[in-house]
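In: test case, fold it:
(chains A and B)
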2 protein chains.
Amino acid sequence: MKNNVSFFSLIEQDIEILNKNLQNMVGAKHPILYAAAEHLFKAGGKRIRPVIVLLASKTTSDDGTILNSQRRLAEITEIIHTASLVHDDVLDDCSTRRGIQTVHNTFDTKIAVLAGDFLFAQSSWYLANLGQLNVVKIISKVITDFAEGEVRQGSTHFDISVSVENYIEKSFYKTASLIAASSQGAAMLTQKKEEIYNSLYSYGKHLGLAFQIIDDVLDVTSSSQVLGKPQGADLINGNLTAPILFTIAEDKGVSQYINREFREKNDIDNCLQIIQNNKGIQKSKDLASEHIQTALSCLDCLDQKNQYVIGLKKLANYTLERLY
Amino acid sequence: MKNNVSFFSLIEQDIEILNKNLQNMVGAKHPILYAAAEHLFKAGGKRIRPVIVLLASKTTSDDGTILNSQRRLAEITEIIHTASLVHDDVLDDCSTRRGIQTVHNTFDTKIAVLAGDFLFAQSSWYLANLGQLNVVKIISKVITDFAEGEVRQGSTHFDISVSVENYIEKSFYKTASLIAASSQGAAMLTQKKEEIYNSLYSYGKHLGLAFQIIDDVLDVTSSSQVLGKPQGADLINGNLTAPILFTIAEDKGVSQYINREFREKNDIDNCLQIIQNNKGIQKSKDLASEHIQTALSCLDCLDQKNQYVIGLKKLANYTLERLY
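Out: Model (predicted):
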């Protein structure tokens, strides 16, 4: 998250507190696990998930106070996200993540599996200690969704018959579920009305879907340097995302490369070029934009003058701006 | 668990119910995960953990009734155990488990990581739905302990300076923690006195430690056919268990083989032979026996005439009989 975006100042100090707490929370008794985890936490990432949880929390109080349990939920959300990244790396065989060496390349697969397990376990433990069962339930469900999403992704590698609906469903499990449940959880912790829970859930869900679509567009349009990982990494792994699926529907030329799993020289470059010169990217941007519009409309039942509600709206619009 | 042992008849029907429920609970939406999980659930295993939870549950009611939440806890315990086995297989590179191909050899590492994540996540979800926070907390702690235990084990591979105390600590994290917490949890679900929680926790802890020591003795004394995995598998992996550590203390001859990580032909066979002809095995049996005695004494505060308390005692003694 860049510090110069307008809504960031609303929770800048809270993110600093979060960063410190994360360091302490994952301070495992064992140096290897600590190193494996610290490694990713230090690298930073965008902290988009905690930003959403913290802003959502602020909307639920009259004076923008964040409860300790809401801070903890923001931290848990980032720990779960990091755990999923660590196991993702094992699954993706992707050699870099966030621009640095992945845990499983640096420390080998075994430590990556363990570090991920450890982080998931830590998050479950902190979650239980929040002492609110409805929040424990919705967040536990998210972790089940991750595995579901990963398997769906894995089982459709290089499958050009995958539909965009299918892709959206998978993106829900993989990305949107956590954002939706943690925004909802923030409201649950202040015992607000069910209408508010549901609105924040839907806001998070559609924001998360847009976020995934945008990431998938950037994967084929940005340079490796900007991405911090190889351009077209999804494509190379056979993970067929929105821009690719829309292109397949328009130009069957790409299918031959995908069907032969990029076995021949230049297959990836040729495929990327077709995608970049095609309407698939614009269609994906439009799809992301639709989800952002839906996310914004989900906030209609909240106080439109509340600066944190305005912050959540700015965050949604900012997400989309990354594309342009 | 053999059907001909005297205490088994006390919970035989309950184990049948459990087996059916486990099949339904892990009935994932996705066939690959289902296959990966079913695979191990079908293979059966000893179901020692659910047997303990079910017997412990029966001791906490006047008429031996098991609450639905206690049945669920027994199922959750077996799911957590299975999840840890699936990830263990990735960590151990062990080619067979329970006499059948391991998940990660059959389905490859990725599916093994996912199937383990999925099972851990399912267990967290079912746990949250038990609706009792104190139980959620103690069981969540167990999953953190697993990662701790595995890292400790991994970081002391082939390290002949490891102490027996260190080995016991690691065995607590790896094995005893789950058995202890789930026995305790069974009592918590009937809201019994704290004294009972603590007794069942300690019973489970010492039984679990004995169980691990006995497994480690059998690893070096039983044939591959009986074990369902290669004889000396721990030793080959550099996992120095009780019989090996006691032997190192007595006969430094084994250290040379371990220090060179069994690089030369016959190193493993020579090492196994020294261990088998040494007092290390008897010392390990004595250590297991001590823990069984402690486990038995932990039941002193329970009704000594209650048939299920007698069942828990028989189970402890039966565990030891496997050695002779």
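In: in what helix or strand does A:Leu323 lie?
Out: Here A:Leu323, judged by DSSP states H and E, is contained in no helix and no strand.
In: same thing with A:Phe246?
Out: helix A:242-250.
In: and the gap between A:Cys301 and B:Asn24?
Out: 39 Å (CB to CB, to the nearest Å). Backbone N, C-alpha and C define where each C-beta goes, glycine included.
In: the more surrounded of those two?
Out: Legend: neighbour count by other CB atoms under 10 Å in any protein chain shown for A:Cys301 and B:Asn24, higher for A:Cys301 (13 against 8).
In: now the more buried one. Nearest residue, chain neighbours left out?
Out: A:Ser199 (5.2 Å; CB to CB, 6 or more residues apart in numbering or on different chains).
In: spit out the contact partners of that neighbour.
Out: A:298-302 (CB atoms under 8 Å, 6 or more residues apart in numbering or on different chains).
In: buried ones from the residues you listed, can you make that a ChimeraX selection?
Out: Remark: buried members of the contacts of A:Ser199, expressed as a ChimeraX selection using 16 or more other CB atoms under 10 Å in any protein chain shown:
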select /A:298,299,302
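In: restricted to strands, list the contacts of A:Ser199.
Out: Nothing among the contacts of A:Ser199 maps onto strands, per DSSP state E.
In: where does the stretch 151-300 of chain A come near chain B, residue by residue?
Out: Neighbours of chain B within the stretch 151-300 of chain A, by CB under 8 Å from any CB of the partner chain: A:151-152, A:154-155.
In: dump these to TSV, plus distance to B:Lys192.
Out: Below are these laid out as TSV (distance: CB to CB, whole Å):
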residue	distance to B:Lys192
A:Val151	41
A:Arg152	44
A:Gly154	45
A:Ser155	46
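In: pick out the most distant pair among the residues you listed.
Out: A:Arg152 and A:Gly154 (7.4 Å; CB to CB).
In: give me the neighbour count for the residue in the stretch 201-324 of chain A that chain B sits nearest to.
Out: In the stretch 201-324 of chain A, the residue found nearest to chain B is A:Asn237; the distance is 11.2 Å by CB to the nearest CB. By other CB under 10 Å, 17 other residues sit near A:Asn237.
In: repeat for A:Asn19
Out: 16.
In: show the pLDDT at it.
Out: For A:Asn19, the model assigns a pLDDT of 87.
In: tell me which other helices or strands the helix or strand hosting it touches.
Out: Element membership for A:Asn19 (DSSP H and E) is helix A:12-25. For helix A:12-25, the packing partners by 3 or more CB pairs under 8 Å, 6 or more residues apart in numbering or on different chains; DSSP states H and E come out as helix A:31-43, helix A:48-59, helix A:68-92.
In: how far away from the center of its chain is it?
Out: 19 Å (CA atoms, centre = their mean, to the nearest Å).
In: name the residues of stretch A:227-245 that are buried.
Out: A:227, A:229-245.
In: go on, stretch A:144-159?
Out: Neighbour-count burial for stretch A:144-159 [16+ other CB under 10 Å]: A:144-154, A:156, A:158.
In: could I get the residues you listed as JSON lines with distance to A:Thr175 and pLDDT?
Out: Output for those, formatted as JSON lines (distance: CB to CB, whole Å; pLDDT from 0 to 100):
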{"residue": "A:Thr144", "distance to A:Thr175": "15", "pLDDT": "86"}
{"residue": "A:Asp145", "distance to A:Thr175": "10", "pLDDT": "88"}
{"residue": "A:Phe146", "distance to A:Thr175": "9", "pLDDT": "86"}
{"residue": "A:Ala147", "distance to A:Thr175": "14", "pLDDT": "82"}
{"residue": "A:Glu148", "distance to A:Thr175": "12", "pLDDT": "80"}
{"residue": "A:Gly149", "distance to A:Thr175": "8", "pLDDT": "84"}
{"residue": "A:Glu150", "distance to A:Thr175": "11", "pLDDT": "80"}
{"residue": "A:Val151", "distance to A:Thr175": "15", "pLDDT": "77"}
{"residue": "A:Arg152", "distance to A:Thr175": "12", "pLDDT": "77"}
{"residue": "A:Gln153", "distance to A:Thr175": "11", "pLDDT": "78"}
{"residue": "A:Gly154", "distance to A:Thr175": "16", "pLDDT": "75"}
{"residue": "A:Thr156", "distance to A:Thr175": "16", "pLDDT": "85"}
{"residue": "A:Phe158", "distance to A:Thr175": "21", "pLDDT": "91"}
